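*Asks:* got a structure for you, letters missing:
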Ligand SMILES: Nc1ncnc2c1ncn2[C@@H]1O[C@H](COP(=O)(O)OP(=O)(O)OP(=O)(O)O)[C@@H](O)[C@H]1O
Ligand SMILES: [Mg+2]
């Protein structure tokens, strides 16, 4: 039975989708895990990043959630399977709001395929609407990417509070497996201070069961190679295999995630 791990942060542009595809790749290639990635964001960044055109997708996770159709699983990548998204997924959020079991639709859909995978990664949208709530309900673990900048640190304490309260209501078994500082600029004092503040913050809430297993991982450095790689529909390890200072933290995270399954 695969573990379901959501990459979640209500803040936009912190590196969720980039991390999802890179972790999916390393879980598959370094740990021989059977990986499914689910694009839960109507912006469809993950779908685009790995090389599909969202508008060509006849079916997305939307039909699985609304009409209870089987999940449309694309197998072309080779290293992981993908359930794509496109902008029409935003309608699901509206239409689901009047449906029964509206928070459980993703969990119900995943239940039918869970036995085929070791790890299922959910790339969440940057909001706390019904799509994200479905992700929280369907998950065993959360991985929270946090931009390593001072301004994001202040927002993070509120994010953690809201995430904790929501998770308590819909899925009390959910645990935060890790926090990933992203876009870390090792040359600036600001980034270094943010990193220290993130570690201190998680240390101070470790008494809470929701966070007791949370590892604050090594930061992912800010490198333009990430964007250049996705423009080529590649993960970093394919595009710039020598960029070990950015690949190593990804491998450290996958080591931990791989051990969960
Ligand atoms: N470590 C990094 N260094 C530099 N750029 C990065 C890094 N990680 C991601 N990026 C770039 O930052 C942008 C946002 O990344 P991404 O789309 O993964 O974030 P996101 O959290 O999924 O965004 P959204 O909230 O919109 O879904 C992209 O252009 C991506 O290429
Ligand atoms: Mg994204």
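*Replies:* In hand now; what should we look at? Keep in mind the model is a prediction, meaning the values are calculated, not measured. Numbering: from 1, shown residues only. Ligands and ions are numbered 1, 2, ... in the order given.
*Asks:* need the residues of the stretch 51-200 of the chain near ligand 1, please.
*Replies:* For the stretch 51-200 of the chain, the contact set with ligand 1 under C-beta under 6 Å from any ligand atom comprises 126, 182-183. All C-beta spots, glycine's among them, are computed from the backbone N, C-alpha and C.
*Asks:* One more pass at 8 Å, please.
*Replies:* 123-126, 145, 182-184 (C-beta under 8 Å from any ligand atom).
*Asks:* Residue 95 contacts residue 63, correct?
*Replies:* No: applying C-beta atoms under 8 Å as the test, residue 95 and residue 63 come out as separate, 11.3 Å apart.
*Asks:* more neighbours, those two?
*Replies:* More crowded of residue 95 and residue 63, by other C-beta atoms under 10 Å: residue 63, with 18 against 13.
*Asks:* Most widely separated two among the residues of the stretch 51-200 of the chain next to ligand 1?
*Replies:* With C-beta to C-beta as the measure, no two of those lie farther apart than 125 and 184, at 23.7 Å.
*Asks:* which residue sits closest to residue 85, ignoring its sequence neighbours?
*Replies:* Closest residue to residue 85 apart from its sequence neighbours, by C-beta to C-beta, 6 or more residues apart in numbering: residue 39 at 3.7 Å.
*Asks:* ok, now which ones touch the one you found?
*Replies:* Contact analysis of residue 39 by C-beta atoms under 8 Å, 6 or more residues apart in numbering lists 17, 45-47, 60-61, 82-85, 123.
*Asks:* now, which of those residues lie close to ligand 2?
*Replies:* Among those, the residues within reach of ligand 2 (C-beta under 5 Å from the ion) are 17, 45.
*Asks:* quick check, nearest of the contacts of residue 39 to ligand 2?
*Replies:* Using C-beta to the ion, residue 17 comes nearest to ligand 2 of the contacts of residue 39, at 3.3 Å.
*Asks:* number of nearby residues for that closest one?
*Replies:* Residues near residue 17, counting by other C-beta under 10 Å, number 27.
*Asks:* what about it, helix or strand, and which?
*Replies:* In the assignment (DSSP states H and E), residue 17 maps to helix 16-31.
*Asks:* per-residue confidence at the residue nearest to residue 85?
*Replies:* pLDDT, residue 39: 98.
*Asks:* Please state the offset of the helix holding residue 17 from the chain centre?
*Replies:* A distance of 10 Å separates the centroid of the chain from that of helix 16-31, by C-alpha atoms, centre = their mean, to the nearest Å.
*Asks:* Good, wrapping up.
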